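Enquirer: what follows is a protein structure lacking sequence information:
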DNA sequence: TCCCTCTTGTAGCAAGCGCTACATATAGCT
DNA sequence: AGCTATATGTAGCGCTTGCTACAAGAGGGA
């Protein structure tokens, strides 16, 4: 049930989600969604946890295995892959999650933290093996990536990429 | 009328905004909001344009006039100021705008573009006078700032700051 | 004074919302 | 076989949503 719900939300976003269309897409009824999850809020909480948990899988499926040649190359690789068409549904909910975090919602904060921790770990493990400080490097790369992704979301894809390409190393 | 509307939205966010509470906060009725703006969509469009237009004013009011000592100092200064408590209302709507851009809404895209153009110009004008390439420098700084702001929104303020402090120069 | 346009209050419509009451089907255990 | 717990369909409740119909006040030009 959760996978079908997640698939629908990935396509339609999380912001104005309502139970009846969601239930129809999942092949059930709003009645059953409430029955299984207890309430809409509980459904959203479980959904966010599910999405955070499944994030690693999509990362490893889409990203190459080897290490990057430099921090900049690592950042550019992540940008290239997350800029692909089939990654857009993920960002459709990602910015909804960020907006929810800004409102202070605990479920959104937990999910965003999980997702970002996984991404940070992935980046640290894909930096060059001789990186002097993988943790700091990952923080720099993540900051650059997320800034570029936001600029891409508002239609300034080039600006963020130009910023990333100026990273040293 | 627009300033009162904008003040309410800055406090309560843009995502689940509905006409009746908004009208009450603005000292009028939903009936009058529709009468003046034509529809809720038109109201949101005018509101976004208004917010983008007023963004420069808040920037110049809050930010120091002098130039920064380096690109990194410039980024850190912007981070320090936009991290203050009284800047949070702006980010409450900013991430709603980004989410709206990801959905492809033209009004949101226009407003986000205006705001980002103004920020880019401001940053370019506050880089060190001897910066070899203010445009590229501004792009780098903006990318870093926005990444750090997103990380701050999800509760990882330190990660983004650590990333910024690794910028060269 | 009369009219005409701009503005505004009251009431309400159709639709959608999250959620619930009730009845029923099914399946497993004793 | 009978009982109980789980699962599901139907109908609808109370509420909010964006928006509208209608009437009435207000002010200005002829």
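Expert: Received the coordinates, thanks. Remember, predicted model here, so these are calculated numbers, not experimental data. Residues are numbered from 1 along each chain as shown, chains lettered A, B, ... in the order given.

Enquirer: any low-confidence regions in chain A?
Expert: Along chain A, segments meeting pLDDT under 70 span A:169.

Enquirer: what parts of it come near DNA strand C?
Expert: With CB under 7 Å from any atom of the strand as the criterion, chain A meets DNA strand C at residues A:17-21, A:30-31, A:34, A:39-41. All C-beta atoms are positioned from the backbone trio N, CA, C, and that covers glycine.

Enquirer: what residues does stretch A:116-130 touch?
Expert: A:52, A:55-56, A:59-60, A:63, A:66-71, A:74, A:77-78, A:134-135, A:137-139, A:141-142, A:145, B:151, B:154, B:156, B:159 (CB atoms under 8 Å, 6 or more residues apart in numbering or on different chains).

Enquirer: so which of the residues of chain A next to DNA strand C is the closest to residue B:108?
Expert: Comparing the residues of chain A next to DNA strand C against residue B:108 with CB to CB places residue A:17 closest, at 18.3 Å.

Enquirer: am I right that that closest one is in contact with residue A:10?
Expert: No - shown here, residue A:17 and residue A:10 do not form a contact pair, counting by CB atoms under 8 Å, at 11.3 Å.

Enquirer: which residues do these two both contact?
Expert: By CB under 8 Å, 6+ apart, no residue touches both residue A:17 and residue A:10.

Enquirer: can you select the buried ones among the contacts of stretch A:116-130 for me in PyMOL?
Expert: Here is the PyMOL command that selects the buried residues among the contacts of stretch A:116-130 (16 or more other CB atoms under 10 Å in any protein chain shown):
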select buried, (chain A and resi 52+55+59+68+71+74+77+78+134+137+138+139+141+142+145) or (chain B and resi 151+154+156+159)
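
Enquirer: who in chain A is up against DNA strand D?
Expert: A:28-32, A:35.

Enquirer: what about whatever residue of chain A ends up closest to DNA strand C, neighbour count?
Expert: For chain A and DNA strand C, the shortest gap (CB to the nearest atom of the strand) falls at residue A:18, measuring 2.9 Å. Number of residues near residue A:18 (other CB atoms under 10 Å in any protein chain shown) recorded here: 10.

Enquirer: gap between it and residue A:90?
Expert: 21 Å (CB to CB, to the nearest Å).

Enquirer: equivalent analysis for residue A:155, please.
Expert: 18 Å.

Enquirer: next: residue A:124.
Expert: 21 Å.

Enquirer: so those two - more neighbours on which side?
Expert: More neighbours surround residue A:124 than the other of residue A:124 and residue A:90, with 19 against 15 (other CB under 10 Å).

Enquirer: and the residues of chain A next to DNA strand C, which of them are in helices?
Expert: Residues of the residues of chain A next to DNA strand C located in helices (DSSP state H): A:19-21, A:30-31, A:34, A:40-41.
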